[in-house]
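> sequence and predicted structure are below.
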Amino acid sequence: MTIQILMPALSPTMEEGTLAKWLVKEGDTVESGDIMCEIETDKATMEFEAVDEGVIGKILIAEGTEGVLVNTAIAVLLEDGEDASAADTASADPAPAAASVKETATTTPAKAITPVGVPMEDIPEGTTFTSTTVREALRDAMAEEMRANEKVFLMGEEVGQYQGAYKVSQGLLDEFGEKRVIDTPITEHGFTGLAVGAAFGGLNPIVEFMTFNFAMQAMDHIINSAAKTLYMSGGQMGCPIVFRGTNGAASRVGAQHSQCYAAWYAQIPGLKVVMPYSAADAKGLLKSAIRDPNPVIFLENEMIYGTSFDVPDLEDFTVPIGKAKIWRQGDDVTLVSFGIGMKYALEAADKLAEEGISAEVIDLRSLRPIDYDTLINSVKKTNRCVTIEEGFPVASIGNHLSATIMERAFDYLDAPVINCTGKDVPMPYAANLEKLALVTTAEVIAAVKQVTYR
Amino acid sequence: MAAKKQARRTNTSGEELLEHYKNMLMIRRFEEKAGQLYGMGVIGGFCHLYIGQEAVVVGLEAAAKEGDSRLTSYRDHAHMLACGMDPKGVMAELTGREGGYSRGKGGSMHMFSTEKRFYGGHGIVAAQVPIGAGLAFAEKYNGTDNVSFTYFGDGAANQGQVYEAFNMASLWNLPVIFVIENNQYAMGTSLQRASSSPELHTRGGAFMIESEAVDGMDVVAVKEAGMRAVAHCRAGKGPYILGVKTYRYRGHSMSDPAKYRTREEVQKMKDERDPIDHVRDMLEQGKHATTEQLKAIDKEIKKVVSEAADFAQTSPEPSIDELYTDILR
């Protein structure tokens, strides 16, 4: 029996990769553990080893091919006694490997996601745009601010030599050196406190948490030391610092690595909290966060690091903290979300449009301060609202928005506000259960139908 | 009164001893007044007094130079006075008034002075330790020769973040002096009941941090150890640990009945090891000051403290508009 060698998944979120280089050729004998090829993911180049022994009968995907989907057959391995003809038969059989090369990814980058029906705010006419991933946008923001201000430095686990656990800090060590791109020991409580002290001492630290799950170890310094000092000192001493990193569920990483902290931090006076969706917002908000004299919690999401959006080609593009953005104008219902929740909100709006329901989609972008006016004005127009977020349902951002809408626009409401959230359970590992635990586009659509009585 | 030990011989000048005496007495009288005002209900909440420990901060401040920074726990009144902050501003913060260092919004545990480089005043046990290392990080980043005096107690010495800070401070060669003020009781739990090893100054050994044990009831010994620590840090040799053994006479806070130790134990320390009596003895034996001079100093300090107490009670409470200020810049 020939063995099909499949494109491997090399990270929890990998869906496709580039087959960068074959290190074996047809006819070579391989043993278990031999390196067969190099595969490039959006995060790293990884060596792929043989599991079984045999002879390489046929290479199915040429080196240099981009966008090879996980589980695509990339080669055929012949076992003892089989000859090359067996490989031809095997490769003709598509059954075990339904996946193939992703069409869009081979030649041009995926089409950037852009707002519908509303102009990009505060961007001069005639500005050109470059399709950029969220990951690159974050790196560009840090690099630009580090060039502009000597006091800005980046600190965290694997941010330097490893180039970032999620490759967000790629290239920064080369440009800025070890003084300003600092690999820390695995010691969140300690390095967060140390960074707060550095901010008290006049520097502008950017602290990267590999994920915000680990920031729970540092919660005391974020809340008690960073957020409260300005108040406790009667305005004498502040803490200009950015805490950033990935937040929320990735994919199949289990309960301790899949949690959205938006509502936790949004509760704390003395913090600013932002959670961008698009690459342009990620860049513009991170630049604003680094310049801000206050502690800013900057919540990213691994699932959208690789998503491309149009980023304006401006020398110094910033987005103000505390201002929502209308992604899509509509009349029948207001969908309000932030971060990865926007993905579901926008997908739902597309599908609802096909059914003749016109949804206005608001990206809050900042969770402290919240741009209430944009939301309230929208609800006064549409008279209905559905909130979407990935976090837990109890004491969620959606709960707070519902209360605010009730206080400020009660008479305008034609239906109760519905909060679409993650489910009230620790994140399960099983694929089917994980899917159920997360908020979905279908749930958003169902909620809209409920508030529009359709 | 029990017989006092013979005062230690020292090369310290009479002038310097007199300065130590003034500074220590200032702290003691201030703290006694704070205790009194607490009893009258003028000071609220928690109030942690430094009485008995005066030699520690006074000795170390004598080793510091302009530009050095310091921070400590919630037992912080003395550190502020010793680095030159105004007793009026400190006392008025204790009473929660507009004239306080934090305009009444911080309280006894949370005061700061960027001018004197006093960075708090931290209410969570040991939280100041990595922050102090961070201040030293900023000094190194900025290329100064300033050091960070990071004070914490024997109770804090058992917190994990202390060792995270030790590791980074040593790894990155940060100019920080970790001062372990071992007053022998973490609230009501004695050192013996809480620490597997009572030799706290050795706790940096695993991180290759140089250290020494210091008699914290002897201001001259503290200053000398401080000078060695400071020289080490300024020479770029990284952090230094001072394990300073001291004693607090009062309870952990004003509401602590101190049932965990005997009256006799406290009295014995007062009689035999009082840090202020020790300096007074040196001054008298060395004929550096006359009884009249010392009395005049006492009188002057009482006056300063009494003025601070008056100010702290007459300064108005903060305006109600202050509720929503200073949350963000």
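Received it, and whenever you're ready, just let me know what you need. Residues are numbered from 1 along each chain as shown, chains lettered A, B, ... in the order given.

> going forward, measure contacts between C-alpha atoms and count neighbours the same way
Noted.

> what's the burial count for residue B:199?
For residue B:199, the neighbour count with other Cα atoms under 10 Å in any protein chain shown is 14.

> try residue A:128
Residue A:128 has 12 nearby residues by other Cα under 10 Å.

> what does it show for phi and psi?
When quoted as degrees, to the nearest 10, the phi and psi of residue A:128 stand at phi -90, psi 160.

> my guess is it contacts residue A:310. True?
No: between residue A:128 and residue A:310 there is no contact under Cα atoms under 8 Å: 9.1 Å.

> which residues touch residue B:92?
B:98-101, B:104, B:308-309, B:311-313, B:315 (Cα atoms under 8 Å, 6 or more residues apart in numbering or on different chains).

> what do you get for residue A:334?
Going by Cα under 8 Å, 6+ apart, residue A:334 touches A:359-362, A:378-379, A:382-386.

> for the stretch 201-329 of chain B, which spans come out with low pLDDT?
For the stretch 201-329 of chain B, no stretch is flagged by pLDDT under 70.

> residue numbers of it in contact with chain A?
Neighbours of chain A within the stretch 201-329 of chain B, by Cα under 8 Å from any Cα of the partner chain: B:325-329.

> closest one of those residues to residue B:25?
residue B:326 (35.0 Å; Cα to Cα).

> could you measure from the closest one over to residue A:223?
15 Å (Cα to Cα, to the nearest Å).

> in what helix or strand does the residue lying farthest from the centre of chain A lie?
For chain A, the residue at maximal distance from the C-alpha centroid (Cα atoms, centre = their mean) is residue A:81, at 48.6 Å. Here residue A:81 sits in a region with no helix or strand, counting by DSSP states H and E.

> name the residues of the lengthiest helix in chain B that come out as buried.
Using DSSP state H, we find that the single longest helix of chain B is helix B:14-39. Using 16 or more other Cα atoms under 10 Å in any protein chain shown as the test for burial, helix B:14-39 gives B:14, B:17-18, B:20-35, B:37-38.

> same question, stretch B:189-198
Buried residues in stretch B:189-198, defined by neighbour count with 16+ other Cα under 10 Å: B:190-191.

> my guess is residue A:452 meets residue A:415, correct?
Yes: using Cα under 8 Å, residue A:452 is in contact with residue A:415, at 7.5 Å.

> all helices for the stretch 1-150 of chain B, in order.
Along the stretch 1-150 of chain B, the segments classed as helices by DSSP state H, counting those that start in this stretch run B:14-39, B:54-61, B:77-82, B:87-94, B:128-142.

> other SSEs contacting the first one?
When contacts are defined as 3 or more Cα pairs under 8 Å, 6 or more residues apart in numbering or on different chains; DSSP states H and E, helix B:14-39 packs onto helix B:54-61, helix B:77-82, helix B:87-94, helix B:275-285, helix B:291-314.

> nearest to residue B:194, of those helices?
Taking those one by one with Cα to Cα, helix B:54-61 is closest: 22.3 Å.

> now that closest one: mean pLDDT?
Regarding helix B:54-61, the rounded mean pLDDT is 98.

> in the stretch 351-454 of chain A, what residue comes closest to chain B?
With distances taken as Cα to the nearest Cα, the stretch 351-454 of chain A approaches chain B most closely at residue A:369, which sits 10.6 Å away.

> relative to residue A:323, how far out is that residue?
For residue A:369, the distance to residue A:323 (Cα to Cα) stands at 8 Å.

> quick revisit: between residue B:326 and residue A:223, point out the one with more neighbours.
The residue with more neighbours, out of residue B:326 and residue A:223, is residue B:326; 20 against 17, by other Cα under 10 Å.

> so that one is in contact with residue A:235, correct?
Yes: judged on Cα under 8 Å, residue B:326 makes contact with residue A:235 at a distance of 4.8 Å.

> follow-up on the earlier one: distance check, the residue farthest from the centre of chain A against chain B.
58 Å (Cα to the nearest Cα, to the nearest Å).

> local confidence estimate at that residue?
Residue A:81 is assigned a predicted lDDT (pLDDT) of 75.

> next: the one 3 residues further on.
At residue A:84, the predicted lDDT confidence score is 69.

> before we move on, what about the one 4 residues further on?
Residue A:88 is assigned 71 on the pLDDT scale.

> next one: residue A:199
Per-residue confidence at residue A:199 stands at 98 (pLDDT).

> check which helix or strand it maps to.
helix A:188-200.

> what comes up buried for that helix?
Buried residues in helix A:188-200, counted by 16+ other Cα under 10 Å: A:188-200.

> and chain A, which residues reach chain B?
With Cα under 8 Å from any Cα as the criterion, chain A comes near chain B at residues A:179, A:184-185, A:187, A:189-203, A:221, A:225, A:228, A:230-238, A:269-271, A:293-294.
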